[in-house]
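Undergrad: No sequence on hand, only this structure:
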Ligand code: FPP
């Protein structure tokens, strides 16, 4: 049973290129697909959906592409709010979200507050997120506390961005690349990985079902001999 699904939404650019469209068109199509993925996830009984939307490295992309992505994030937070309220979706974010433009931050904060009590599905969007940055931010929180006693793994988790969210059971990466790209480095330690060649804007219920079928045939051992 997948309680927490994490997705690296890759391939917007290649999807657009294959159709003679601009990269921005690809990102727009990708943003639209988030609703499709969320509804499919809900139907499958998934409780947490973490989406890699913008990495700490993505700031290095051309300024106009960054602007388009920031605009889409802002638009997503406001235009999807009625649907999130209707469907019982709670919105959260992880990452150095203070780096985002004010308009995007404001729209996100509003949607996060409004949806805070919803409990059917949590959509957790990784924004200005890096797995290494998350670990470094946790270490700096510990230093700021002037804590002197040793830190256990369990303690350390409490300094991460979303300590209350369980680790992902399954990671899906779209568009064929076989790497983690600095996503959830701590949290993915024991997650199952599924890579599909499908570009993110083509991701749908069927793609998700294939990933879930693959997952259900696996034995998770968490480093031990028996299924946990
Ligand atoms: C990868 O495509 C995709 C991203 C940069 C992140 C995903 C962004 C979205 C789905 C749109 C906006 C997000 C929200 C939350 C509304 P790519 O450009 O790396 O594709 P390529 O590898 O084919 O060039």
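TA: In hand now; what should we look at? Every value quoted in this text rests on a predicted model; they were computed, and no experiment measured them.
Undergrad: phi, psi of residue 170?
TA: phi -140, psi 140 (degrees, to the nearest 10).
Undergrad: residue in this structure nearest to the ligand?
TA: residue 13 (2.4 Å; C-beta to the nearest ligand atom). Glycine gets a C-beta too; all of them are placed from N, C-alpha and C.
Undergrad: Please report how far residue 171 lies from residue 110.
TA: 29 Å (C-beta to C-beta, to the nearest Å).
Undergrad: buried stuff in the longest helix anywhere in the chain?
TA: Determined from DSSP state H, the single longest helix within the chain is helix 23-43. Neighbour-count burial for helix 23-43 flags 23-31, 33-35, 37-42 (criterion: 16 or more other C-beta atoms under 10 Å).
Undergrad: and that helix, what does it pack onto?
TA: Secondary-structure packing of helix 23-43 (3 or more C-beta pairs under 8 Å, 6 or more residues apart in numbering; DSSP states H and E): helix 12-18, strand 48-55, helix 63-79, helix 81-87, strand 121-129, helix 205-216.
Undergrad: about what we covered before: who's more crowded, residue 171 and residue 110?
TA: More crowded of residue 171 and residue 110, by other C-beta atoms under 10 Å: residue 171, with 23 against 14.
Undergrad: Is that one in a helix, a strand, or coil?
TA: Secondary structure assignment for residue 171 (DSSP: H, G, I helix; E, B strand; the rest coil): strand.
Undergrad: ok, the most centrally placed residue in the chain - contacts?
TA: Nearest to the geometric centre of the chain sits residue 51, at 1.9 Å (C-alpha atoms, centre = their mean). Neighbouring residues of residue 51 by C-beta atoms under 8 Å, 6 or more residues apart in numbering: 6-7, 9, 34, 37, 123-126.
Undergrad: Contact residues of the protein facing the ligand?
TA: 9-14, 27, 30-31, 34, 53, 58, 69, 72-73, 76, 125, 175, 200 (C-beta under 6 Å from any ligand atom).
Undergrad: how does it look with 5 Å?
TA: 9-14, 27, 30-31, 53, 72-73, 76 (C-beta under 5 Å from any ligand atom).
Undergrad: Going through these, which ones are buried?
TA: Here, 16+ other C-beta under 10 Å leaves 9-14, 27, 30-31, 53, 72-73, 76 buried among the residues of the chain next to the ligand.
Undergrad: Tell me the one of those nearest residue 211?
TA: residue 9 (13.4 Å; C-beta to C-beta).
Undergrad: Give me the below-cutoff pLDDT ranges for this protein.
TA: 226-228 (pLDDT under 70).
Undergrad: From residue 169, how far off is the residue of the chain closest to the ligand?
TA: 29 Å.
Undergrad: and residue 49, how many neighbours?
TA: 23.
Undergrad: from now on call the first residue 31
TA: Will do, 31 is the new start, and the previous item becomes residue 79.
Undergrad: shouldn't it be in contact with residue 68?
TA: Yes: using C-beta atoms under 8 Å, residue 79 is in contact with residue 68, at 6.2 Å.
Undergrad: who touches both of the two?
TA: 151, 153.
Undergrad: My understanding was that residue 106 contacts residue 64; is that so?
TA: Yes: the criterion here is C-beta under 8 Å, and residue 106 meets it with residue 64 at 6.7 Å.
Undergrad: I'd say residue 37 and residue 204 touch.
TA: Yes: with contact defined as C-beta under 8 Å, residue 37 and residue 204 form a contacting pair (7.2 Å).
Undergrad: Can you mark which positions in stretch 183-202 are buried?
TA: Buried-residue list, stretch 183-202, by 16+ other C-beta under 10 Å: 187, 189-192, 195, 197-202.
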